[in-house]
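Asks: Here is the input, now give the coordinates:
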Amino acid sequence: MAANNVNYYDNLFSKFQSSSSPITPHQLVLEAYLYRKTTSKNINKDESFWNSLFIHELPPSFYRSEDFQLVLTRYFTLTSTFNYDFLVKVLQHEPDVLKAAILKAELVLKKDHVKWHEIHFLARKYPDNLEDLIATCDALQNAHSERLNFLKSQAEPFSRLTIFEFLALSAIYSFKCMTNKAETMNGENLTVDMQLIALKELVNWKLKESNLNEFYLTDDKIALAIKIFQVPFIFPNDEQNPRVIRLLNEFSLLMQAQVELNEFISRSIHPYCFDEGFSFSLINGELVLNSESSANDNWERNGRRQRALRGYWFNRAIDEFCNSDIAGNQIGSAENHEENQFAYVKALASKIELEEVYGFSQYVAIGKNVKVNIFQAILAQELMMAFYLKEYTATFYQYVEETGHWQTALSQLAFNGLLQGENRFPITWSNIKDKINNLVGWTVCDKHPKGDKNAAKAMLDFWSVDLKEHSKLLRSKTAINRQQLTERPIFKIGNYCVQLPWLMPSQISSVNVINNLRRFANARPSLKDETSRIESKLGDAFANQGFNVLKGYTPQDPQAGEIDLICAIDNLVIIIEVKSTFYRTSKKEIVYHRDRTLRKAGIQIRNKVTAIKRELENGLAQQLGIADSKPTIVGWIADTSIEFDHEYFAGYPKVSIQEILIALSDSAHYLSDLENEILTPKESEERFTASSLYNQGFDANQFVKIIENSLVWQAYGESDDSY
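Replies: Numbers count the residues shown, from 1 in each chain. Take a look at the predicted model:
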């Protein structure tokens, strides 16, 4: 056979066999399939791999490896590539591996996927291996269909409502839930997070079903919607429309149905697919849970750590604020000074985090010739949050306490607003031009003492989602990752900006900024510069502690690629692969991050460490200021996320950039649970009492020990069994 007709992966295997790599050629081919592009665009990598001789000759000892399981998982997502004979071989040697791959491919909710034909065929030929899995998947699919059908039936009464009418009614429901706690169908308390996720899905459903007329709002349409869908609950009288009153109860059932579907997927489907410690048995036609999710501990641990990090940046911001000129100035009116000051510190905390961890500069391009001042944008959102918290949420709770009833309180809130010429209804709206004019005051600076309309418009664009455009995106089915409502909480409908007052205080500005820019606007030209700044700032933090730092070093070995950071001191060299990403909101997203990004990063850092070991012996040691050509070499994956911290990938640990920065600056004393801090405030001198991670000043070897043994988190107060 001519060389150019040899299967791509068979040819690759032959090359790896003749190489001197310490990694087996079988492993290298698996990694190439998962993490590398082919050398030619004309090669269909899936067809080539699954039709290779290599795959049939792969020793069964590899079947339990993590990379092979990912390879097999990928196979079950393909629709036009088949290799039944190989599946038989895997089933005979490692049936559990085959089952896990089927689950991780999420076929459980893809009843019509072509791969089920192969699975059923296998089950008929080998009936003792796959029957339980198929029966369990059938039961879960039926349970999923029941929930979908129930949701559809509950949604029918709202199909004719416009998107504004739907939001108006949802706002009444949400204020009611603040005091009359809603329950799920299982009798659990319906949390704010559950409500937010459910409302996002329901709004997306409405947008998919909407027509163009819904996006042309007028004052008359708004007034009519408020009269029909809010006034009966705020100013009730004897001539109420019973249909509208009934709609509120039906909306409660709709929310329950959506929450039930969401919780079924997040608590049953996703753990069943992705968590090996979670399984079902089918007993007399009923699903019985065998074991709980083993991922819950890490999920909860990371939640605690994320709260502690928010406290860290907030405490850092307090220090910076107290040492600034603005600390002694009044911010806004005397009446709102304290709330505005608190909003300013929160905005400052987000700014520090975004600059130090995520590489953001003062301005970020958000469109053609449009830049937004990040700090101004964050401050604008924080001030909006402070306004809605004080003028709506806190006042509503006060009226509830005085009157004892949510409707009476809502009525008093709206009525007192009318007396002051202000909108205090459960939904707010304003013309876009008026909204921009209202924001201009927040853009005042030395260059623009009267404010800047262009800057105000950029801020509004940054925090807004155009529902008409979002509707088109949803219909096109290209919106794989869609924003949470909190991430862009100003809804543009035609020429109006619409906001939900109950939703505004529930946001976290830094999360919103990161996800808006790194998840949904990840094709921006400035993204590369931001990524470079992440690496550069981390390198600077090492340099500040006396390390010799090389940034963007390219070794001679082409397999290694560019090395983000090499940090050397004394007899120690730390090689770092930097990854930047967004905040994840589901366990499914976290698993994907591990399998698609972190596993690849482990291979990258392995190749880089190997290359640097060779080059240290050939002159690089002198360039790094290292006397010994065989120093201690450490390789780390440094990621902006905290997921899978201190787990190993290809033999190398993954650590968050935040943890590295805290250890380098010896500032673990700033870590605190911000939510509890606000509830039970301490005196600032007690809060910021410094307790060093280092007994006798910074020491590089102690620093490595601190990172690799999670001592930053033990200093914060986590016990050893947290890891």
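
Asks: separation between the residue nearest the centre of the chain and residue 644?
Replies: Among the residues of the chain, the one closest to the centroid is residue 584, at 1.9 Å (CA atoms, centre = their mean). Distance, residue 584 to residue 644, using CB to CB, to the nearest Å: 11 Å. No exception for glycine: its C-beta is placed from N, CA and C like everyone else's.

Asks: For stretch 37-45, output the C-alpha coordinates as CSV.
Replies: In CSV, the C-alpha atoms belonging to stretch 37-45 read as follows (Å, rounded to 0.1, in the frame of the first residue of the first chain):
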residue,chain,number,x,y,z
LYS,A,37,-5.9,18.5,14.9
THR,A,38,-4.9,16.4,12.0
THR,A,39,-2.2,17.6,9.7
SER,A,40,-4.7,17.9,6.7
LYS,A,41,-8.1,19.4,6.5
ASN,A,42,-9.1,16.6,4.1
ILE,A,43,-8.8,14.0,6.8
ASN,A,44,-12.0,13.1,8.7
LYS,A,45,-10.4,12.4,12.1
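
Asks: Mind listing what's buried along it?
Replies: 38, 45 (16 or more other CB atoms under 10 Å).

Asks: ok, residues contacting that stretch?
Replies: 8, 33, 48 (CB atoms under 8 Å, 6 or more residues apart in numbering).

Asks: same check, this time on stretch 463-470
Replies: With CB under 8 Å, 6+ apart, stretch 463-470 has contacts from 163, 207, 212, 215, 377, 380-381, 479, 482-483, 488-494, 497, 512.

Asks: Identify those among those residues that sit within helices.
Replies: When DSSP state H is applied, the contacts of stretch 463-470 are split such that 163, 207, 377, 380, 381, 512 fall in helices.

Asks: Now find how far off-centre stretch 702-720 is within its chain.
Replies: Mean C-alpha position of stretch 702-720 versus that of the full chain (CA atoms, centre = their mean, to the nearest Å) differs by 25 Å.

Asks: buried stuff in that stretch?
Replies: Neighbour counts over stretch 702-720 (16+ other CB under 10 Å) mark 702-704, 706-707, 710-716, 718 as buried.

Asks: could those go into a markdown table alongside secondary structure, distance to residue 126 and pLDDT?
Replies: Below are the buried residues of stretch 702-720 laid out as a markdown table (DSSP: H, G, I helix; E, B strand; the rest coil; distance: CB to CB, whole Å; pLDDT from 0 to 100):
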| residue | secondary structure | distance to residue 126 | pLDDT |
| --- | --- | --- | --- |
| 702 | helix | 56 | 95 |
| 703 | helix | 54 | 96 |
| 704 | helix | 50 | 96 |
| 706 | helix | 51 | 95 |
| 707 | helix | 48 | 95 |
| 710 | coil | 45 | 91 |
| 711 | helix | 50 | 92 |
| 712 | helix | 50 | 93 |
| 713 | helix | 47 | 91 |
| 714 | helix | 49 | 86 |
| 715 | helix | 54 | 78 |
| 716 | helix | 51 | 80 |
| 718 | coil | 47 | 77 |
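
Asks: Tell me the one among these nearest to residue 182.
Replies: residue 718 (33.7 Å; CB to CB).

Asks: who touches that closest one in this structure?
Replies: Residue 718 neighbours (CB under 8 Å, 6+ apart): 301, 304, 710.

Asks: show me where the stretch 601-723 of the chain has helices.
Replies: Here the stretch 601-723 of the chain has its helices, by DSSP state H, counting those that start in this stretch, at 621-623, 657-665, 674-679, 684-687, 700-708, 711-716.

Asks: out of the ones you listed, nearest to residue 220?
Replies: Closest among those, using CB to CB: helix 674-679, at 43.1 Å.

Asks: now residue 190: how far from residue 389?
Replies: Per CB to CB, residue 190 is found 21 Å from residue 389.

Asks: If you could redo that for residue 278, that was the one I meant.
Replies: Applying CB to CB to residue 278 and residue 389 gives a distance of 38 Å.

Asks: Give me the more crowded residue out of those two.
Replies: residue 278 (21 against 18; other CB atoms under 10 Å).

Asks: If you drop the residues flanking it in sequence, what lies closest to that one?
Replies: The shortest distance from residue 278 to any non-neighbouring residue, by CB to CB, 6 or more residues apart in numbering, is to residue 271 (3.9 Å).

Asks: Now do the same for that neighbour: its pLDDT.
Replies: pLDDT recorded at residue 271 is 89.

Asks: No further questions, thank you.
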